[in-house]
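Participant: with the input below, show me the fold.
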Amino acid sequence: MIVNTASKCGFTPQFKELQELYDKYKDQNFIIIGFPSNDFMNQDPGTNEEILEFCTTNFGVEFPMMSKIKVTGKKKAKIYKYLTDKELNGYESSKVNWNFQKYLINEEGYLVKVIGTKTSPDDEEIINWIEGK
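Facilitator: Numbers count the residues shown, from 1 in each chain. Predicted coordinates:
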């Protein structure tokens, strides 16, 4: 699962649920990769070090957190170009509408599902996907 994150967002508490999901399934070939982004209303203005400290101190985050990137616009990071363009990912085009949008990637590295911001990481749809149901 790839998710764009922010430290000062109304959805920031999803870090707790993401970590719980990671704890439960990390030994079953499941990983979460967080990409901090300041693209939405300046909700992650800190440095990479400050963001990591915030995530680990406040939510016990142990899943990989990458360096802050752009997930929208002309300077969008390559990973998000892939995730949002059907010509590149072969699944669908999408737009990152806000922080904590989730992208489910299968074991072969292909995008298979885009999950909206408001959907909790412990939602049945995500759990069923992880468990192969």
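Participant: make it CA atoms for all contacts and neighbour counts henceforth
Facilitator: Noted.
Participant: so Lys113: helix, strand or coil?
Facilitator: With DSSP: H, G, I helix; E, B strand; the rest coil as the basis, the three-state label of Lys113 is strand.
Participant: ignore the last one, Lys76
Facilitator: Under three-state DSSP, Lys76 falls in the coil class.
Participant: tell me, how many residues neighbour it?
Facilitator: 14 (other C-alpha atoms under 10 Å).
Participant: and for the nearest residue to it once chain neighbours are set aside, the neighbour number?
Facilitator: Nearest non-adjacent residue to Lys76, counting by C-alpha to C-alpha, 6 or more residues apart in numbering: Lys70, 4.8 Å away. Lys70 has 19 neighbours, counted by other C-alpha under 10 Å.
Participant: for Lys70, report the pLDDT, please.
Facilitator: At Lys70, the model reports a pLDDT of 98.
Participant: and for Leu52?
Facilitator: 97.
Participant: for the closest residue to it other than its chain neighbours, give me the pLDDT.
Facilitator: Spatial nearest neighbour of Leu52, excluding adjacent residues (C-alpha to C-alpha, 6+ apart): Met65 at 7.0 Å. Met65 carries a pLDDT value of 98.
Participant: quick check: beta-bridge partners of Met65?
Facilitator: Gly34 (DSSP bridges).
Participant: distance of it from Val71?
Facilitator: 15 Å (C-alpha to C-alpha, to the nearest Å).
Participant: on that earlier part again, just give me the neighbour total for the residue nearest to Leu52.
Facilitator: Number of residues near Met65 (other C-alpha under 10 Å) recorded here: 19.
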